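Undergrad: what's the 3D shape of this:
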Amino acid sequence: MKTLYRNFQSIFRRFPASIVMNVAGFSLALAAFIVIMMEVRFESAYDRNLKNANHIFMLVNEPEGNMPWSTFARPVIENLSSISPEITRCTFVENGWTLHAVSPDQKQEFESTARGVAPDFFPMFGFKWIACDTTTFTQPLHIFIPESMALTYFNTTDLVGKFFDEKGRGYGWTIGGVYRDFPENCSVKNMVYNTMGNAYKDNWSEASLFAYLQLENPEKKTELEGLIQSKIIESDNASIHLVPYPDLPYRKDLKTSDSIKLSMQQRYVYTAIALLIILIAAINFTNFYTALAPLRVRSLNTQRVLGARRSHLIRAMVMESAILSFTAFLLALLVVKAMEESFVNELLKVDISLPSFPRITAATGALSILIGCAASLFPAFYSTSFQPALALKGNFGLSAKGRQIRTLLMGVQLTAAMALLIGVGGIVCQNYYMRHSDLGYDKDRIITLDLYAAKIYDQKAEAFASGLRQVACVEDVALSRFMLSAQKSSEVMSWGRMSSDGNYMGFICLPVSYNYLKVMGIRIIEGKDFNPKDESSPMIFNKAAYDLYTDVRVGKEILEDEIKSPIVGICDNFKIGSLRDEVTPLCLKVMNGPYSDWPSKGVANIRIREGVALEDAFKPVMDFCLDFSPESTFELKTQFQLMENIYTEEKHTQQTLILFCLLATAISLAGVFSMTLFECNYRRKEIGLRKIMGATTNGIIRMFFRQYSLTLALSFIVAAPLGWYGVHRYLENFAYKTPLHWWIFALALLAIGTITLATVYTQCRQTAQDNPVNSIKTE
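TA: Okay, the predicted model is just below:
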């Protein structure tokens, strides 16, 4: 123990900055590793709590040459359970809607996203009930709420039988049960679920429900697909598939009842970054002990001359490294604890909590000790491998072998730093591209208002829009059911319809007012715009639908129940959601005629006059809103603000990647700093002799610059293709992406080169300006 203490005291006295930087860097690396692995574990355990998940399948129609379709009519779904005894349960799930509930005495009120479901939904997905009347599963106008909502709004879970009015409607809801919350990493969300009664029961054309089947034997999936194809869905262009429920989060091409989409590729990227951070920190630690080895040869072999056994010295060095690395682990736990209340927690899907992931914490502790021991093994054996008499005479810091090892390890660190910085540059460019690319409509002149959130429903919406048009800065107002750039493409209304020629088509439907295209600045490329006098519920499709479906042509009709809706025009493509998603077939539809009672006017799209800045228009628009409905709360948003919401996941992912990439880069550069510090100390005598022989300080600095410039150049040659490949794979997640500019590579080289050479300059200049006589005497 004395030897251990004496050795540690000696190196800390000589190189305090290097020890602190290496331990701090290792601590941050371990903390980042723990947090990243928490996120990876959170995603890899998605839906693990659903015991029946491997027996549940989603019904999907994937016709060749057509977009996959995942919603069906209620009669189609209800007929599925009768085709085979292998289907033990069958349920449907409605698209989400917003429930506004208020008690009859007006004293209690709550609002939540809700979904209509069939009775089999609850046993299929393993709901655990705190209080429930299961007979209400088959009764209309009943809702089922999570425990967290019950406690938040009512401070009790004893709510079965409690009645609430649907605000602004002529009906109400009775609470049928309170269920235990599902974990965050589960596709069954903690929201309100409602029974649907006879809604859509005999409607064969309203194909807007998700279908889920629970099979007795999952291996008979293919057989059942054939039965469904032949007996239920009789269409020449249908291709029925049963998609396993655990696969749904990874199918970005499918719209599902859960909007969360996971990426196996992103998980691999996170894992690779975690391992790279640990590798860089391990290299730093190895570099540190490798660089120390030549300096300790004399000391260690002096102890051997005085009687110390070689095995004892090796054990002391390994224990010293293990203690340092475990100290770094303990500091890492403090860093992770601090992250629980920091902005980092908001960037991840998982809640950072050490007690929730004991295995990851324990494994990281063991890994830290293993790295510490491994980092010191070679230096320990190397430092004690010489004959004591020889070791006391030579300078082993300048050995060719030692210098090669240090240069190689430094090259690995510089390569990693440059490759990661190229990755950061690619991510930042894509982030900028997403926020500034052309979306196909005039996003710079639109202010959007959620009327439903302001408690202004369809019957008042027209009067609100008419009054708002009188405000001086307002050019026009259009009403719609959905906001653009406010939700993912999978979260808007999807329809399946038959053309007048008998061909099935799937597309997104956006209910709008007749002047919507004009207000939003969407260009008509064929046909005409909506006519306010047309009561036939007309439709305008986008170019993506025109290109995909031969039946989408001006003058043709779409079959809907007992009416035929005419196609009056084709508009240019515009983006309704994230740039991750390609533009898909879409129709804009005026909800008049038989659709007059449909909720379709929940959003006011306000076009501001040219020459008026959006920020200057907020006050007069808000003044009108408050005059129209003083008791309401209004939230005006620009399209840019809406885009911030839809890109929250992308933003958090990008910020997470940038944060950890910059951390890895900083750890790499800390290692480079330590190595230049050691290099200058090793060559102090050489520098002193050169000064005595007439070398200038600038000449000595240029000598070091040539050495490090060569290492930088070779590192960049390796880093450039690695960085390009990483960014290329990241951009594969986006349908619309930025080009990978050459200057990203140049900036990465310039940044790392500047920092490295500045470090070398500082260290070399300080050493070169020392009195050469003192350097030679003390060396």
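
Undergrad: C-alpha only now, for contacts and for neighbours.
TA: Noted.

Undergrad: Beyond whichever strand or helix holds T407, next helix or strand please.
TA: T407 belongs to helix 400-436 when assigned by DSSP states H and E. Sequence-wise, the next helix or strand beyond helix 400-436 is strand 446-450, with elements assigned using DSSP H and E.

Undergrad: re earlier: pull out the buried residues from the helix holding T407.
TA: Along helix 400-436, the positions that meet the burial threshold by neighbour count (16 or more other CA atoms under 10 Å) are 406-407, 409-431, 433-434.

Undergrad: mind giving me the domain ranges of the chain?
TA: Per automatic domain parsing, the structural domains of the chain span 1-46+263-394, 53-250.

Undergrad: Could you dump those into JSON lines with mean pLDDT and mean neighbour count added?
TA: Formatted as JSON lines, the entries for those read as follows, by pLDDT from 0 to 100; neighbours: other CA atoms under 10 Å:
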{"stretch": "domain 1-46+263-394", "mean pLDDT": "78", "mean neighbour count": "19"}
{"stretch": "domain 53-250", "mean pLDDT": "88", "mean neighbour count": "18"}
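
Undergrad: counting contacts, what elements does the helix holding T407 pack onto?
TA: Using 3 or more CA pairs under 8 Å, 6 or more residues apart in numbering; DSSP states H and E as the contact criterion, the secondary-structure elements in contact with helix 400-436 are helix 264-305, helix 648-682, helix 697-731, helix 742-768.

Undergrad: Repeat the analysis, applying 10 Å as the threshold.
TA: Contacts of helix 400-436 with other secondary structure elements, assessed using 3 or more CA pairs under 10 Å, 6 or more residues apart in numbering; DSSP states H and E, are made with helix 264-305, helix 639-646, helix 648-682, helix 697-731, helix 742-768.

Undergrad: doesn't L449 make contact with M483?
TA: Yes: in this structure M483 lies within contact range of L449 using CA atoms under 10 Å: 8.8 Å.

Undergrad: Overlap of the contact sets of these two?
TA: 602-605 (CA atoms under 10 Å, 6 or more residues apart in numbering).

Undergrad: if I pick the residue nearest to I352 when sequence neighbours are not counted, what's in contact with it?
TA: Nearest residue to I352 in three dimensions, chain neighbours excluded: E340, at 5.3 Å (CA to CA, 6 or more residues apart in numbering). Counting by CA under 10 Å, 6+ apart, E340 touches 35, 346, 351-354.

Undergrad: Can you pick out the most distant pair from the residues you listed?
TA: E346 and L354 (16.1 Å; CA to CA).

Undergrad: Please report how far P358 lies from A366.
TA: Counting by CA to CA, to the nearest Å, the separation of P358 from A366 is 12 Å.

Undergrad: Which residues are in contact with D501?
TA: For D501, the contacting residues are 551, 556-559, by CA under 10 Å, 6+ apart.

Undergrad: where does the stretch 351-500 of the chain have low pLDDT?
TA: When the per-residue scores of the stretch 351-500 of the chain are filtered using pLDDT under 70, the ranges that remain are 382-402, 486-491.

Undergrad: Show me how far stretch 692-701 is from its chain's centre.
TA: 53 Å (CA atoms, centre = their mean, to the nearest Å).

Undergrad: what's the average pLDDT for that stretch?
TA: If you average the pLDDT over stretch 692-701, you get 76.

Undergrad: Kindly check the end-to-end length of it for me.
TA: Across its full length, stretch 692-701 reaches 16 Å between end residues, using CA to CA.

Undergrad: ok, and for it, which residues are buried?
TA: Buried-residue list, stretch 692-701, by 16+ other CA under 10 Å: 697, 700-701.

Undergrad: L749: what's it in contact with?
TA: Taking CA under 10 Å, 6+ apart as the definition, contacts of L749 comprise 414-415, 417-419, 421-422, 712-713, 715-716, 719-720, 743, 755.

Undergrad: ok, now with 8 Å
TA: Contacts here follow CA atoms under 8 Å, 6 or more residues apart in numbering; on that basis L749 touches 418, 716.

Undergrad: please begin residue numbering at 426 from this point
TA: Shifting the count to begin at 426 puts that one at L1174.

Undergrad: Now list the buried members of the contacts of D926.
TA: 976, 982-984.

Undergrad: With respect to pLDDT, which of these ranks lowest?
TA: For the buried ones among the contacts of D926, the model is least confident at L984; its pLDDT is 83.
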